[in-house]
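**Student:** Okay, here's the prediction I keep looking at, along with the sequence it came from:
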Amino acid sequence: MSASPKISSFTIIVTFLCVALAGIAFIPLLPIKLSPSRTLPQLTISYNMPGNSARVIEMEVTSRLEAMLARIKGIKEINSTSGNGWGYVTLELDKHTNIDAARFEASTIIRQTWPSLPDGLSYPVL
């Protein structure tokens, strides 16, 4: 018969306390954010067309830009707002999308769409 070594309860308690103290000592080193940011990368295109109503800007500019910009890969959501004499389109991108590539693609689309947009519209700013 083999005799198993006996471990005293004192040894178990001291070992547990040492491990617990080591765990408490390492708590400040944990990478935790108390209020994590959930902002996704986004691009905003703004433009002005003085003297025009929000409805005209929506029909003539905003809807066209939305349709053209929707072709960009990695777009999660498109939001737009049109007002009297102004408008903007916000592209919310997937978190894995390369924002520089998306910005380049958006500027290329704006440059290609610009000639077909109405006169009096400022060049859309990205």
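**Tutor:** Structure's in. What do you need?

**Student:** Quick one: residues contacting Arg55.
**Tutor:** Neighbour list for Arg55: Ser82 [criterion: C-beta atoms under 8 Å, 6 or more residues apart in numbering]. All C-beta spots, glycine's among them, are computed from the backbone N, C-alpha and C.

**Student:** hmm, try it at 10 Å
**Tutor:** Contacts here follow C-beta atoms under 10 Å, 6 or more residues apart in numbering; on that basis Arg55 touches 82, 84.

**Student:** helix, strand or coil for it?
**Tutor:** When the structure is split into helix, strand and coil by DSSP: H, G, I helix; E, B strand; the rest coil, Arg55 lands in helix.

**Student:** Also Tyr88?
**Tutor:** Under the three-state scheme (three-state DSSP), Tyr88 adopts strand.

**Student:** pretty sure it is touching Ser46, no?
**Tutor:** Yes: under the criterion of C-beta atoms under 10 Å, Tyr88 is in contact with Ser46, at a separation of 4.1 Å.

**Student:** low pLDDT regions in this protein?
**Tutor:** Across the chain, residues meeting the criterion (pLDDT under 70) sit at 1-3, 36-38.

**Student:** Now do the most centrally placed residue in it against Lys33, distance only.
**Tutor:** In the chain, the centroid-proximal residue (C-alpha atoms, centre = their mean) is Leu40; its distance is 1.0 Å. The gap separating Leu40 from Lys33 is 16 Å, by C-beta to C-beta, to the nearest Å.

**Student:** picking up where we left off before, give the residues shared as contacts by Tyr88 and Ser46.
**Tutor:** Each of 81, 124-125 lies in contact with both Tyr88 and Ser46 under the rule C-beta under 10 Å, 6+ apart.

**Student:** hang on, the earlier thing: could you list every residue that touches the residue nearest to the centre of the chain?
**Tutor:** Contacts for Leu40 (C-beta under 10 Å, 6+ apart) come out as 76-77, 92-95, 97, 99.
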